[in-house]
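**Student:** Structure, please.
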Amino acid sequence: MLREKGQLKFEDKWPQMEPIVLKLLKQEPVSPSEWQELFYDVHLVCLWDEKGPAKLRDHLHKDIVQFIKQAQARVLMHRQEEALLKAYITEWRKFFTQCNYLPTPFRQLESSLQGKSTTVSSTVQNNSGKKGPTEESIVRKLMLDSWNESIFSDIKHRLQDSAMKLVMAERNGEAFDSQLVIGKSRLLF
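**Tutor:** From the prediction side, this is the model:
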């Protein structure tokens, strides 16, 4: 049964989609049926609601920023520099991992926002420099930009100071967790 364009609305599907999005952000288990349903619902919203892609992007952005603010609160609970650094690295690694998974069910959204009528074809990153879908992903960029704007820019100087103090401790022969310097240097410099 085909529906007329405009008959299905974003608001009809978002209440089922949002809990799955939040589970993905929190790295909670998502069942295969939930995963498939998210793909299908994104597809329906993008095809049947003319304003659906923009609404979907905006609500996804809101949930991502809210999740990041919660991560920021967990990081800022730590007052000691080394603990702050560890907490930030932990939160960043979890979030960055999700940057590879969350965009996947939103390929139809990306196609719709780019003005294409078909789904984005998957390409595999190889050594010849071809870009894969995660590198070109609007959702991934949204996630990374949101992280930078919401958490990293707020505590960047504290994190850099912490990392520099660890480097100085190393130079002075003091004991420290070398993984913090390695992990932090990848994130800051």
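**Student:** so residue 77 makes contact with residue 91?
**Tutor:** No: between residue 77 and residue 91 there is no contact under C-beta atoms under 8 Å: 11.1 Å. Where C-beta positions appear, they are placed from N, C-alpha and C, glycine not excepted.
**Student:** For the closest residue to residue 91 other than its chain neighbours, list the residues it contacts.
**Tutor:** Of all residues not flanking residue 91 in the chain, residue 71 sits nearest, at 4.3 Å (C-beta to C-beta, 6 or more residues apart in numbering). Residues near residue 71 by C-beta atoms under 8 Å, 6 or more residues apart in numbering: 91, 94-95, 151.
**Student:** who wins for most neighbours among those?
**Tutor:** The most crowded member of those, judged by other C-beta atoms under 10 Å, is residue 151 (23 neighbours).
**Student:** Hmm, residue 75 and that one touching each other?
**Tutor:** Yes: at 7.1 Å, residue 151 and residue 75 qualify as touching, with contact defined as C-beta under 8 Å.
**Student:** Residues in contact with both of those two, list them for me.
**Tutor:** With C-beta under 8 Å, 6+ apart, residue 151 and residue 75 have common neighbours residue 91.
**Student:** confidence score at residue 7?
**Tutor:** Predicted confidence (pLDDT) at residue 7: the value is 79.
**Student:** Quick check: it vs residue 106, distance?
**Tutor:** Distance of residue 7 to residue 106, given as C-beta to C-beta, to the nearest Å: 22 Å.
**Student:** So between these two, which is more surrounded?
**Tutor:** Using other C-beta under 10 Å as the criterion, residue 7 and residue 106 rank with residue 106 on top: 27 against 10.
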